[in-house]
Structures are given as C-alpha cells and as structure tokens.
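Student: give me the fold of what follows.
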Amino acid sequence: MLVWGFFIAFILICLALDLGVFNKHDHVIKTKEAGIWTAVWFSIAMAFSGVIYWLFNDGLVENPTGINPDTAVLKYITGYLIELSLSIDNVFVIAVIFSSFKIPPKYQHRVLFWGILGAIIFRALMIVFGVALINKFEWIIYVFGAFLLFTAYRMLKSDDSDYDPQESTVYKAVKKLFPVTPRMEGHDFFILDQGKKAATPLFLALIVIELTDILFALDSIPAILAITADPFLVFTSNILAILGLRSMYFLISRMLQKFKYIHYSLVVILAFVGLKMIFSHMIEIPEWLSLSVIVLSLAGGILASIYIKGGQEPEAETGKAEELP
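Tutor: Numbers count the residues shown, from 1 in each chain. Now for the predicted structure:
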C-alpha cells in the first residue's frame, strides 16, 4: 500500500503543479505548447516503466499474477498505449462538447483539469471492481471480450458527427438539478444570476465530459484487463494515459479531420483485445505481439490518413478556429 500511496501522491503533485504553477493563469493552449506537454507526459509514462521493473524485480509491490519484471514492463506499456489510443475517440467528443457549449479556448484547460481529476477517481473504482470480478469469476473475461467486440462493431458503424451534447440525457438531467445560465464570468462554474446561484456553461460541459468519460471507461478498462489483471499495472497505465489526455486534446483536436482513418485503427485494437479475452484460455498471445498489433494499427491509420486522398486539411490555428475546435 505504501507504493500505491507514493504513486497517488505523485499524481496529485503533478496535478497541483499543472493548475497551480504552469497553468495558473487562463490562456489559450497553442499547438506548440500542447506538443511540448504531450511529449512531457509521454516521457514520464515511459520513464515509469523503469520504476515498474524496479518494483517487480525487488518485490516491492504485490504481484498477484506472478509475472517477472520484463513481462510487467511489457504489460504496462501495452496497457498505456491501449488507453492512449482509445482516448483519441474521446478527444473528438470533447471537441464537440466544447463547441456545443461555446466554451472559450482559454477556459478549456481548466474544465479538462477538473474533468480529469474526477475521471481518476471513477476509473480507480472501476479498475478495482473489474479486477475483483475477473479474480472471482473467471468466466467474466468472456463477457468483457464479447462486449469489446460489440463496441468495435458499434464504433465501425457509428457516425459521431451527429452527436449533440445538448440533446443528451445527461445535459437534460443537469438542467433539472441546477438553475442554468448561458452567461460566463471568468472561469467560474457557478455565478449569481438574478439573485440565484446558477450553473454556467463551464459546469455543464464539465459534467457532460465527466459522465462521457465514464462511458468511455466501459471500453478502455476491459481492454486493459485483457492485457493484465494486475491492479497496479492496470491503474498506473490508465492514470498516466489520462494525465496526458489534456495536452493531447489541444494537440490533435484540430487534426482529427485530417486523420480520418485513425477511427479504423481503434476498431482493430478493440476487436483484437476482445478476441484475446475470449480465447485467453485456449491461446496464449505473447506480450510483444499484443504491443506490435497496437502500434501497427495506429501507424496504419495515420499513414492511411496521410497518403489516401480525400482527407480534409486541419483548420488553421486562428482565434476563431480554436474557439470551435
């Protein structure tokens, strides 16, 4: 538990530095800044693989699945890349939510910060619950696998361009719970409107993003559990990927139109991990193969988007373009 405590303390320190030091003042996150921070978070996640090796090599963390340090590192990196790749679909939804609620670019980072903080708590609970289910009921792995295959099929057939956050059940439920105002005063989530405390569009966007992330976690958590049932590896890989989601959003949200085939990469990844779960008791797939499938799928989607004609160019980085990502 001491190791878990140190990791959670490290995450809280990172979040405190993020909002209290590096992003103390609200500002528009430009592509260059987003690229730097994306590289920073990715480097931290990769460097943590060395910590994983040390912990498992010296027996400093519980090892319920009995894996060796090298395998632990491979499982951690594979889980991290799965979560990171599935977050790409989340980026599109976040962009639509910000556009729908007309959230100014300079306040978007603050909304994502609190959204990520809530996501960490909810995902921790889902990971504990998912690991407990797999350890207690081995057959549940087949249910998770079938669910991932269904999700891959649904993703293949869906059209996210029709998604309207203001028509969602979540948005309508929030409006019933809180008085809502279209006005914004700085980065406040609540303001006084006609003598009553009312929720601003910032709060509405935060709640919709928060609950949407829970829905995405229903896909990503089982996907990582297909790689390993070790709770520490699942938690650390998932949380470190989430930490990099904010900067990745500002980096790639304007390029999603160009990388239109990346959607099919996610379908392949989900289908692969779903099949891996279903056949886990019959076929043992080595970790290097799982990692290779994920990397090649992402690379294939990116290359197809670049070289197959018909993709749209990303919007120019202007004030208006950023206002509606």
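
Student: tell me which residues are up against stretch 65-81.
Tutor: 45-46, 48-49, 52-54, 56-57, 63, 224, 227-230, 233-234, 236-238, 240-241, 287-288, 290-291, 294-295, 298 (Cβ atoms under 8 Å, 6 or more residues apart in numbering). To be clear about C-beta, it is placed using only N, CA and C from the backbone, and glycine gets the same treatment.

Student: at 7 Å instead, please
Tutor: Contact with stretch 65-81 is made by 45, 49, 52-53, 56-57, 224, 227-230, 233-234, 236-237, 240-241, 287-288, 290-291, 294-295, as judged by Cβ atoms under 7 Å, 6 or more residues apart in numbering.

Student: and L303, how many neighbours?
Tutor: Counted with other Cβ atoms under 10 Å, the neighbours of L303 add up to 12.

Student: tell me the mean pLDDT over the helix or strand hosting it?
Tutor: In this assignment (DSSP states H and E), L303 forms part of helix 287-307. For helix 287-307, mean pLDDT rounds to 81.

Student: name the helices or strands packed onto that helix?
Tutor: Under the contact definition 3 or more Cβ pairs under 7 Å, 6 or more residues apart in numbering; DSSP states H and E, helix 287-307 sits against helix 69-100, helix 262-278.

Student: can you give me the angle the last one makes with helix 69-100?
Tutor: Put simply, helix 262-278 runs at 140 degrees to helix 69-100, going by axes from the mean of the first three to the mean of the last three Cα atoms, to 10 degrees.

Student: shaky segments in the chain?
Tutor: Applying pLDDT under 70 to the chain flags residues 20, 89, 158-170, 254-258, 281, 309-325.

Student: going along the chain, name the strands of it.
Tutor: 190-193, 196-199 (DSSP state E).

Student: pull the residues that contact the last one.
Tutor: Residues from elsewhere that reach strand 196-199, judged by Cβ under 7 Å, 6+ apart: F178, P179, V180, T181, F189, F190, I191.

Student: how does it look with 10 Å?
Tutor: Residues outside strand 196-199 that contact it (Cβ atoms under 10 Å, 6 or more residues apart in numbering): 174-175, 177-183, 188-193, 206-207.

Student: ChimeraX command for the buried members of the residues you listed?
Tutor: Provided next is the ChimeraX selection string for whichever of the contacts of strand 196-199 are buried by 16 or more other Cβ atoms under 10 Å:
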select :174,180,181,189,191,193,206,207
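
Student: out of the contacts of strand 196-199, which are inside helices?
Tutor: Of the contacts of strand 196-199, the ones assigned to helices by DSSP state H are V174, K175, L177, L206, I207.

Student: list the residues that contact the most centrally placed residue in the chain.
Tutor: Centroid-nearest residue in the chain, with Cα atoms, centre = their mean: S87, separated by 3.9 Å. S87 is in contact with I94, D213, F216, S220, A241, I242, G244, L245, M248, Y249, I252, L266, counting by Cβ under 10 Å, 6+ apart.

Student: let's see it at 6 Å
Tutor: For S87, the contact set (Cβ atoms under 6 Å, 6 or more residues apart in numbering) comprises L245.

Student: from the ones in helices among the contacts of strand 196-199, which is closest to K30?
Tutor: Of all the ones in helices among the contacts of strand 196-199, L206 has the smallest distance to K30: 22.7 Å, by Cβ to Cβ.

Student: what's the nearest residue to that closest one if we skip its chain neighbours?
Tutor: In space, L206 comes closest to V111 once its chain neighbours are excluded; the distance is 5.2 Å by Cβ to Cβ, 6 or more residues apart in numbering.

Student: how many residues are close by that neighbour?
Tutor: Per other Cβ under 10 Å, the neighbour tally for V111 reads 25.
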